[in-house]
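Engineer: got a sequence here, can you build the structure:
(one chain, ligands or ions: 1)
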Amino acid sequence: MNLPNHVTHRYPLGISDLNNLDLFSAGQPHDAFRRLREEAPVFWNPEANGPGFWAITRYADVAQISKNPRLFSNALGGHYISYDSMGITDPEAQNAFLHMLLAMDPPEHNVHRRLIAPAFNPGIVRKFEEGIRRKVRELLDAVAPHGVCDFVTDIATPLPLWTLSELLGVPEADRQDIIKWSNEALALLDPDYFASPEVGQHVFEKMFGYGKRIMALRREHPLDDLTSVMANTRIEGEALPQATLDGFFVLMILAGNETTRNTIAGGMRALTEFPEQWRLLREDPALIPNAVEEMLRYVSAIIYMRRTATEDTEISGQKIRKNDKVVMWYGAANFDPEIFQNPYDFDITRSNARDHLAFGIGQHFCIGSQVARMQIRIMFEELIARFPDMQATGEYRYLRSNHLSGMKSMPVVFSAE
Ligand code: HEM
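Structural biologist: Numbering: from 1, shown residues only. Now for the predicted structure:
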C-alpha cells in the first residue's frame, strides 16, 4: 500500500475501509470504529477513486475540527467524501451541493445562516407542536386496527416529510411529489432501494424545477414560510444566486428527512433490543426528553461529515496537509468511552446523553435540531400512550450507506385496537 509520506502511523491492517459500503450493510461498523478509536484515531483511509481521506473517530478530535472552520473548511469540497461515493453525477446537482449552506465557510456562512435562523427559533418551532401531534395520531390511527405494520414506511417516514412541507410551505397537493423525490434520492445512495439506480438520476433536476416554480409563486405572493424568506432575500440588493436557492431546497429536504425518520425508527429498535429501557420509559414518560437524546446518540443518523484542511496542520499529533480531506465519524465519536460510559448500552437515564455529536457541534451545528427533537419526543409520547407493547420483530433491512444510518424496513407488532 502506497501511503502519502506525511502519514506517520502504521496502516493497521485488518481495520476496514470506511468507504466500503458492505461494511455498513448491517448497521454501523462499531467494531471497526472501536479499533480505529483505540489504535489509529487519525487514520489514513485510502480511496479507490480518490486521493484518500483522514478518518477521525475520537470525540475530542471531532469537536476540535468542527469548532475550527478556518482550518477545516466546508467550502473547499463540500461535506461528502466525494460526490461519486454518494452517486451524485449530475453537474447541476454537484453545483447546487457546492452552494448550499453546508458548503459555506464564515463569513458567508454566517450571513446565510442568519437568514433562515429566525424560522427555527424555539417560539416558531413550538407553533408546529399541535400539528405534529395531530399528524402522529393520524398515522397511528391508520395502523391501529392491524396490530402489525412496517414502522419505517408507515410511521417514521411520513412525519418528517409532513413537518418539512409545513416549514417550507409546500402545498398539500404537491407533498406526494416531495415524498417520491426523497425516495428517489435514496435510490442513488442504495441501488437496491429501487429496482434500478436510474430511477434516481433525474431526481435533483425535478427538485430544482419544483423549487424554482414555488419560489416564483412566493415572489409574487409571499407567505409565512421558509421558501418565501429565501425567495425574497436580497444581499446588498441582489437576490440569492440560483445555485444557492437550488441547494437550499435540496438541503432542507435531504437534511431534515431521512435523519429524523431514521432516529425515530432506530429509537424504536433500541427500545425493542433493550426491553428494560422500554419498560422504564413506559413507567416514567418524564424520561422521554432524555431518551430522545440517547436515541440521537445511539442512532447517529448522520454517520459522517467531511471537512478539508485549508493549511498544513496537526490533529492529535498527526500531520495533516493542506487540501487533505478530513472525515469526522459521528458514529464513532458518539461511542467514545472517554465521554460516554458503557457506550454500547442504550441507557435512557444516561446523565450526559445530551453531549452527543449527532447534530454536529460548532459552526454548522444542525439548525433543525429543535424541530427534530420535537418530532421524536411527540412520536414516543403518543406511542407510549397508544401502543405500549409495540416491538420490532427483528427483520431489519438496512440502508446501504456510510453517510446515513437507517433502515429501509422494520416490521413491528403490537396489540391491535
Ligand atoms: C435527527 C434528525 C437530524 C440529525 C441527526 C441532523 C444532523 C445534522 C448534522 C450532523 C449536521 C451537520 C453538522 C456539521 O457539519 O457540523 C446538520 C446540519 C443541518 N441540518 Fe440537521 N439533522 C437532523 C434534522 C434536521 C432537520 C429536521 C432539519 C430541517 C428542518 C435539518 C436541517 C439542517 C441544516 C439546514 C443543516 C446545515 C446547517 C449549517 O450548515 O449551518 N436537520 N444536521
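
Engineer: and the helix or strand bottoming out on mean pLDDT in the chain, how far out from the chain's middle?
Structural biologist: Ranked by mean pLDDT, DSSP states H and E, the helix or strand of the chain with the weakest confidence is helix 175-189, at a mean of 80. The chain centroid and the centroid of helix 175-189 are separated by 15 Å under C-alpha atoms, centre = their mean, to the nearest Å.

Engineer: ok, stretch 240-249 next?
Structural biologist: 20 Å.

Engineer: identify the residues contacting it?
Structural biologist: Residues outside stretch 240-249 that contact it (C-beta atoms under 8 Å, 6 or more residues apart in numbering) are 92, 95-101, 103, 112, 116, 168, 207-208, 210-212, 215, 227, 230-231, 233. C-betas here are computed from N, CA, C, even on glycine.

Engineer: now for the closest residue to residue 67 other than its chain neighbours: which residues touch it?
Structural biologist: What sits nearest to residue 67 in space, not counting adjacent residues and going by C-beta to C-beta, 6 or more residues apart in numbering, is residue 362, at 3.9 Å. The neighbours of residue 362, taking C-beta under 8 Å, 6+ apart as the test, are 63, 66-69.

Engineer: other SSEs contacting the least confident helix or strand of the chain?
Structural biologist: helix 158-168, helix 203-220, helix 242-255 (3 or more C-beta pairs under 8 Å, 6 or more residues apart in numbering; DSSP states H and E).

Engineer: looking at the ones you listed, which is nearest to residue 20?
Structural biologist: helix 242-255 (22.9 Å; C-beta to C-beta).

Engineer: chain center to the closest one: distance?
Structural biologist: Distance, centroid of helix 242-255 to centroid of chain: 15 Å (C-alpha atoms, centre = their mean).

Engineer: thinking again about what came up before, buried subset of the contacts of stretch 240-249 as a ChimeraX selection?
Structural biologist: To isolate the buried subset of the contacts of stretch 240-249 in ChimeraX, counting by 16 or more other C-beta atoms under 10 Å, use the following:
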select :96,97,98,99,100,101,103,112,116,168,207,208,210,211,215,227,230,231,233
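
Engineer: overlap between the contacts of stretch 240-249 and the residues near the ligand?
Structural biologist: Restricting the contacts of stretch 240-249 to those touching the ligand (C-beta under 6 Å from any ligand atom) yields residue 101.

Engineer: ok, residue 131 to residue 163 distance?
Structural biologist: Look at residue 131 and residue 163: by C-beta to C-beta, to the nearest Å, they are 8 Å apart.

Engineer: so between the two, which is more surrounded?
Structural biologist: It is residue 163, of residue 131 and residue 163, that has more neighbours when counted by other C-beta atoms under 10 Å, with 23 against 12.

Engineer: quick one: name the residues of the stretch 151-300 of the chain near the ligand.
Structural biologist: Close to the ligand, as judged by C-beta under 6 Å from any ligand atom, the stretch 151-300 of the chain has residues 164, 167, 251-252, 255-256, 259-260, 263, 296.

Engineer: returning to that earlier point: so among the contacts of residue 362, which ones count as buried?
Structural biologist: Burial by neighbour count, judged by 16+ other C-beta under 10 Å, picks out 63, 66, 69 from these.

Engineer: quick one: which of the residues you listed is nearest residue 52?
Structural biologist: residue 66 (21.1 Å).

Engineer: distance of residue 204 from residue 163?
Structural biologist: 22 Å.

Engineer: er, residue 374 I mean
Structural biologist: Residue 374 is 9 Å from residue 163, where distance means C-beta to C-beta.

Engineer: joint contacts of these two?
Structural biologist: Common neighbours of residue 374 and residue 163 (C-beta under 8 Å, 6+ apart) are 128, 132.

Engineer: so which residues of this structure form strands?
Structural biologist: In the chain, the strands defined using DSSP state E lie at 42-47, 50-56, 72-73, 148-150, 234-235, 238-239, 304-309, 313-315, 318-320, 325-329, 391-392, 397-398, 407-409, 411-413.

Engineer: paired strands for the fifth one, with orientation please.
Structural biologist: Using DSSP bridges, the strands paired with strand 234-235 in its sheet are strand 238-239 (antiparallel).

Engineer: what does the first one give?
Structural biologist: In the sheet containing strand 42-47, the strands it pairs with under DSSP bridges are strand 50-56 (antiparallel).

Engineer: may I have the partner strand exported as PDB, CA atoms only?
Structural biologist: Written as PDB, here are the backbone C-alpha positions of strand 50-56 (Å, rounded to 0.1, in the frame of the first residue of the first chain):
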ATOM      1  CA  GLY A  50      -9.700   9.500  -5.000                       C
ATOM      2  CA  PRO A  51      -6.800  10.800  -3.000                       C
ATOM      3  CA  GLY A  52      -7.800   9.200   0.300                       C
ATOM      4  CA  PHE A  53      -9.000  10.800   3.500                       C
ATOM      5  CA  TRP A  54      -8.300  11.100   7.200                       C
ATOM      6  CA  ALA A  55     -10.800   9.200   9.300                       C
ATOM      7  CA  ILE A  56     -11.300  10.900  12.700                       C
END
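
Engineer: that one and the ligand in contact?
Structural biologist: No. Figure legend: strand 50-56 not in contact with the ligand (C-beta under 6 Å from any ligand atom); closest approach 12.4 Å.

Engineer: and the angle for that strand with strand 325-329?
Structural biologist: Interaxial angle, strand 50-56 versus strand 325-329 (axes from the mean of the first three to the mean of the last three C-alpha atoms, to 10 degrees): 40 degrees.

Engineer: what mean pLDDT does strand 50-56 have?
Structural biologist: Averaged across strand 50-56, the pLDDT comes to 94.

Engineer: repeat for stretch 97-105
Structural biologist: Rounded mean pLDDT across stretch 97-105 is 91.

Engineer: what is the neighbour count of residue 329?
Structural biologist: 27.

Engineer: no further questions, thank you.
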